[in-house]
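[1] Kindly generate the corresponding structure for this input.
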Amino acid sequence: MFHEIQQDCRSELMTGTSVALFEYSLKWLRQEGWEIVSLEACLERLARDLQPRRYAVLTFDDGYRDNVSTALPILERNNAPFMMYVPTGALTRTLESWWLGLRELVRSRDTVTIDAMGMRFRCPDFRNKTVAFDRVAEWVHEDYHRVAMLAPTFRRAGISLSALNETYFLDERELQVLARHPLASIGAHTASHPALACLDVLSARAEMADNRNYLEELLQRPVRHVAYPYGNSRACGSREEHLAKEIGFSTAVTTQDRHVFDSRPNHFALPRIGVGGRDTSAAFKARMNGVQSAVHVLLGHN
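    Numbering: from 1, shown residues only. From the prediction side, this is the model:
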């Protein structure tokens with residue numbers, strides 16, 4: 001699971017994946033015998049192949065512009081298929097992209113006050129900026145109803161989420177072009193990127209169904225796969241799995257950080273291993289190799 005693929009991670013407070021780590025992850029997968037395939041090909045092979053094999057599926061959430069400008073040439077060089085999950089609001093510039101607003105707020109100021117938290121952060125340097133960003137983001141992830149509580153802070157700071165959406169996300173025409181690329185698949189990611197578990201059942205269903213209908217109309221092709229926003233146990237569960245299946249999706253992905261081992265996994269709660277932030281190549285290898293490798297890294301072994 002990837003989000004932004006950043007040319008200058010430091011200027012973006014290490015919130016995406018660096019080009020170096022992205023390239024390293026693809027190279028490592030190839031060297032270690034993982035075949036990079038599309039999501040549909042992976043599921044077909046899991047169900048069909050009698051001999052266990054290693055398949056990797058690359059996914060990108062939210063529809064960031066740098067997924068095309070920066071990541072796509074690398075994907076092309078590696079002949080690597082990928083899935084991009086796109087919320088309606090990213091394309092229409094209506095997304096309440098609080099994480100972009102928070103990043104802009106923190107990196108542009110030496111002092112940041114988050115009234116809803118009752119906290120003031122002194123962040124004149126990179127280290128303190130990342131600490132402030134992480135603390136506020138953690139606060140939001142503890143209760144997704146808090147997303148709306150950041151809006152007054154952004155307004156007072158003159159930060160426009162719509163303008164940030166325009167800067168960072170693909171537009172409709174760009175997504176139409178990408179969807180025709182032979183390596184690309186496009187999936188749904190809800191209309192407004194809410195934590196679905198925080199919504200009533202009709203609203204949660206509409207978030208997924210409306211986004212799917214919008215993308216199918218825009219791209220003139222079926223949209224069979226969906227990613228739950230945030231994707232953790234506080235944001236989605238068995239109700240959302242049932243809704244995704246009822247709406248007609250073939251799969252739904254979470255952010256549960258583990259591999260798929262079962263040849264017939266739950267197609268509506270597929271796990272994904274996130275790559276990015278302050279990950280190192282060693283951390284990536286440890287996560288991909290499992291517990292034994294993680295122990296070796298902690299002990300300082302090669």
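
[2] Tell me if I'm right that I159 and R107 touch.
    No. Contact between I159 and R107 fails when scored by CB atoms under 8 Å: they sit 11.1 Å apart. Using the backbone N, CA and C atoms, a C-beta is placed for each residue, glycine as well.

[3] where does the stretch 151-300 of the chain have low pLDDT?
    For the stretch 151-300 of the chain, residues meeting the criterion pLDDT under 70 lie at 291-300.

[4] Go again with 90.
    Along the stretch 151-300 of the chain, the parts satisfying pLDDT under 90 run over 259-265, 277-281, 283, 285-300.

[5] Next up, the contacts around Q256.
    Contacts for Q256 (CB atoms under 8 Å, 6 or more residues apart in numbering) come out as 231-232, 269, 271-272.

[6] Which residue is the nearest non-sequential neighbour of T255?
    Spatially, and ignoring its direct neighbours in sequence, T255 is nearest to G231 (3.3 Å; CB to CB, 6 or more residues apart in numbering).

[7] ok, that neighbour - how many residues close by?
    Neighbour count of G231, defined by other CB atoms under 10 Å: 25.

[8] Regarding it, what is its secondary structure?
    coil (DSSP: H, G, I helix; E, B strand; the rest coil).

[9] What separation is there between S11 and F261?
    S11 sits 39 Å away from F261, going by CB to CB, to the nearest Å.

[10] just the strands in this structure please.
    Secondary structure of the chain (DSSP state E): strands at 5-6, 17-18, 35-36, 55-56, 58-61, 82-86, 111-114, 119-122, 184-188, 225-227, 251-253.

[11] how far out from the middle of the chain is the fifth one?
    Here strand 58-61 shows a centroid-to-chain-centroid distance of 6 Å under the convention CA atoms, centre = their mean, to the nearest Å.

[12] quick check: mean pLDDT across that strand?
    For strand 58-61, mean pLDDT rounds to 98.

[13] How about residues contacting that strand?
    For strand 58-61, contacts defined as CB under 8 Å, 6+ apart pick out 1-3, 36, 39, 67, 71, 75, 80-85, 187, 189, 227, 253, 272.

[14] Are any of these buried, and if so which?
    1-3, 36, 39, 67, 71, 75, 80-85, 187, 189, 227, 253, 272 (16 or more other CB atoms under 10 Å).

[15] bridging residues for the most centrally placed residue in the chain?
    The residue lying closest to the centre of the chain (CA atoms, centre = their mean) is D61, at 3.4 Å. Counting by DSSP bridges, D61 is bridged to Y85.
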